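> Here you go, sequence then predicted model.
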Amino acid sequence: MAKVIMIQGTMSGAGKSILTAGLCRIFRQDGYRTAPFKSQNMALNSYITSEGREMGRAQVMQAEAAGIEPMVCMNPILLKPLNHTGSQVIVNGEVLGNMSAKDYFAYKKQLVPLIKKAFHKLEELTDIIVVEGAGSPAEINLKQNDIVNMGLAEMIDAPVLLVGDIDRGGVFAQLLGTLMLLDEKEKRRVKGLVINKFRGDKSILDPGIEMLEEKGKVPVTGVVPYMDLSLEDEDSLTERFEGRQQGLIDIAVIRYPRISNFTDFNVFESIPNVSVRYITSISELHHPDMIFLPGSKNTMGDLKWMRQNGLETVVKKLAQEIPVFGICGGYQMLGYEISDPECVEEGGSIRGMELLPVSTVLKQEKKRCQTDGVINDLQGLLGIIAGYKFHGYEIHMGQTVVHKKEQLSIDEHKIVVSGINENIYGSYVHGLFDQGNIAMDVVRALAGKKGVTLEGDAAYDYKTFRERQFDLLADTLRLHLDMEGIYGMLGETRMESIYKR
């Protein structure tokens, strides 16, 4: 039976995902087989496992911190929002269907056996499981049949660390208010409080901590400083969209209303002197060195949005001067037409941006697979990355065909394509730029065209960078958390009755 600890938060964005990753890293460094677990995740950033199953990117990042391959049992339920009131429901990596929030709330209790089965599978493989909650356990309107916070903690008999975000203000009210809204049985599960994202002199905080412990009757397990790390966060509350400062090399990503899988561009953020700006209007775009059209959960709707606000026209104009690269839904947008005969999105058909000689027909069946290959010979500025090996994954609901009368270098859409204009590129492959020096060479090409020199322009490996980020996270948490106390929580007895097979 694996030992377990659960991270819950006072709100979404309190830092649960990063703290979960940090503890996974620490336990791994200390010699334990460790894995993350989140029973239900709501996200548009997703990943395809080696078995072709879909799961949330946050748990992939945490698995990477733990040094293990991502498995769908780490995130058995994934909700991908379609609109403000409904989501695509993915169970064990397979699409179950689309449900309204009300229908899913009534249905979710049927998923409890599946959640337990996924958790038991992880137990067989690990020594310690670090479990992440979702939102807040004090959402009293959602507590009935809860499967992701205190309801899950009871299922697996997990001790809980409750995390509050001081950066947003009101952290003492967050933590005390949450404790007050828990019933006594739930409150007994909370073994420690964590104040996260603190900036400044901790001694100023000490009187408040003493009062917090006195009133809450729960010890403060740590005060974690604000950390500037380049790791995935939950996409619904990411701070990446807030950056507006242009770097020496300026990359613009079009941020449509239903943007998905924007983790494709994290690698560029990690390169010095490079800015990645997420753009929602013409006034924000300016004149970047490169434009990305990312994935979308509603490709037709997001293309209409670009058309209505004028971004499509400006992007097409800039494509005469700078590279424009579409990935997944963005790739589909660059073609001649997108058709939806099966009403996967909005039905009917829509003219594409007409920059690549391809057309797409949306299908109910979702393509999910990992893929690898070699980047083909490319024209234009990005010809520098031709010949590089890549590994990534595809996840899309659509079949794209090439207009044979055009000359187009393409191989089943697994590799980058360039078309009518030498500045236009597209691919279905997520994670394409994460491999080796691909991203760095793209940046070098942009710098060369701009006539600028990058500082520290040397070999760059994103995987090595990521490993250093995880180690920095673990080192920081060791300094600011009571790890002896946390190991003590792991040693507490769990209810064996829960685990009757």
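Here it is on my side, so go on.
> After the biggest helix by length in the chain, which helix or strand is next? Please name it.
Counting residues, the longest helix in the chain under DSSP state H turns out to be helix 462-480. Counting by DSSP states H and E, the element after helix 462-480 in chain order, helix or strand, is helix 483-490.
> Show me which residues of that following helix are buried.
By neighbour count on 16 or more other C-beta atoms under 10 Å, the buried set for helix 483-490 is 483, 486, 489, 490. (C-beta placed from N, C-alpha, C; glycine too.)
> the inter-axis angle of that helix versus helix 462-480?
90 degrees (axes from the mean of the first three to the mean of the last three C-alpha atoms, to 10 degrees).
> contacts for the longest helix of the chain?
Among residues not part of helix 462-480, those counted as contacts by C-beta atoms under 8 Å, 6 or more residues apart in numbering are 18-19, 21-23, 25-26, 29, 64-65, 222-225, 227, 229-231, 267, 270, 434-435, 439, 483.
> Kindly report the same for stretch 351-360.
Under the contact criterion C-beta under 8 Å, 6+ apart, stretch 351-360 has outside partners 299, 303, 312, 315-316, 319, 324, 326, 331-339, 398-403, 405-406, 408, 417, 419-421, 424, 426.
> Can you report how many residues lie near residue 149?
When counting by other C-beta atoms under 10 Å, one arrives at 26 neighbours for residue 149.
> For the nearest residue to it once chain neighbours are set aside, grab phi and psi.
Excluding the flanking residues, the one nearest residue 149 by C-beta to C-beta, 6 or more residues apart in numbering is residue 137, at 3.9 Å. Dihedral pair for residue 137: phi -70, psi -10, per degrees, to the nearest 10.
> ok, now which ones touch residue 137?
Counting by C-beta under 8 Å, 6+ apart, the residues that residue 137 touches are 8, 143, 146, 149, 150, 162, 178, 182, 186.
> Okay, and which of the residues you listed map to helices?
The helices, defined by DSSP H, take in 150, 178, 186 from the contacts of residue 137.
> Check which element follows the helix or strand of the chain with the lowest mean pLDDT along the chain.
For the chain, the helix or strand with the lowest mean confidence is strand 417-418, at a mean of 65 (criterion: mean pLDDT, DSSP states H and E). Where DSSP H and E defines the elements, the next helix or strand beyond strand 417-418 is strand 424-427.
> hey, what's residue 253 bridged with?
Beta bridges link residue 253 to residue 278, residue 292 when assigned by DSSP bridges.
> before we move on, the earlier item: pLDDT check: weakest of the contacts of residue 137?
Among the contacts of residue 137, residue 143 carries the weakest pLDDT, at 84.
> what are the phi and psi values for that one?
Residue torsions, per degrees, to the nearest 10, at residue 143 are phi -70, psi -30.
> Repeat that for the one 5 residues further on.
The phi and psi values for residue 148, taken as degrees, to the nearest 10, are phi -130, psi -20.
> what separates it from residue 231, distance-wise?
22 Å (C-beta to C-beta, to the nearest Å).
> do residue 318 as well
31 Å.
> how about the strands in the stretch 151-300 of the chain?
Using DSSP state E, counting those that start in this stretch, the strands found in the stretch 151-300 of the chain span residues 160-165, 190-198, 220-225, 249-254, 259-260, 274-279, 290-293, 295-296.
> May I see those strands organised as CSV, with mean neighbour count and distance to residue 82 added?
Below are the strands of the stretch 151-300 of the chain laid out as CSV (neighbours: other C-beta atoms under 10 Å; distance: least, C-beta to C-beta, whole Å):
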stretch, mean neighbour count, distance to residue 82
strand 160-165, 27, 28
strand 190-198, 23, 31
strand 220-225, 20, 35
strand 249-254, 24, 20
strand 259-260, 24, 11
strand 274-279, 22, 21
strand 290-293, 26, 20
strand 295-296, 28, 12
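> which one of those strands lies closest to residue 376?
Minimum separation from residue 376 across the strands of the stretch 151-300 of the chain (C-beta to C-beta) falls at strand 290-293, 19.4 Å.
> which helices and strands sit right next to the closest one?
Under the contact criterion of 3 or more C-beta pairs under 8 Å, 6 or more residues apart in numbering; DSSP states H and E, strand 290-293 touches strand 249-254, helix 311-318, strand 324-327, helix 329-333.
> hmm, who's touching it?
Defining contact as C-beta under 8 Å, 6+ apart, one finds that strand 290-293 is touched by 251-254, 264-265, 315, 318-319, 322-327, 329-331, 333-334, 442, 446.
> Just the CA trace of stretch 358-373, in PDB.
Provided in PDB are the C-alpha atoms of stretch 358-373 (Å, rounded to 0.1, in the frame of the first residue of the first chain):
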ATOM      1  CA  VAL A 358      -5.000  22.000 -47.700                       C
ATOM      2  CA  SER A 359      -8.600  21.500 -46.700                       C
ATOM      3  CA  THR A 360     -10.000  19.900 -43.500                       C
ATOM      4  CA  VAL A 361     -13.100  17.800 -42.800                       C
ATOM      5  CA  LEU A 362     -14.000  17.600 -39.100                       C
ATOM      6  CA  LYS A 363     -14.900  14.100 -37.900                       C
ATOM      7  CA  GLN A 364     -16.500  12.700 -34.700                       C
ATOM      8  CA  GLU A 365     -13.600  10.400 -34.100                       C
ATOM      9  CA  LYS A 366     -10.600  12.000 -32.400                       C
ATOM     10  CA  LYS A 367      -7.100  11.100 -33.600                       C
ATOM     11  CA  ARG A 368      -4.900  10.500 -30.600                       C
ATOM     12  CA  CYS A 369      -1.300   9.200 -31.000                       C
ATOM     13  CA  GLN A 370       2.300   9.800 -30.300                       C
ATOM     14  CA  THR A 371       4.400  10.400 -33.400                       C
ATOM     15  CA  ASP A 372       7.900  10.900 -34.400                       C
ATOM     16  CA  GLY A 373       9.900  11.400 -37.600                       C
END
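> any idea how far the nearest residue to residue 133 once chain neighbours are set aside is from residue 57?
Computed as C-beta to C-beta, 6+ apart, the closest residue to residue 133 that is not its neighbour in sequence is residue 8, at 3.8 Å. According to C-beta to C-beta, residue 8 stands 20 Å off from residue 57.
> No further queries at this time; thank you.
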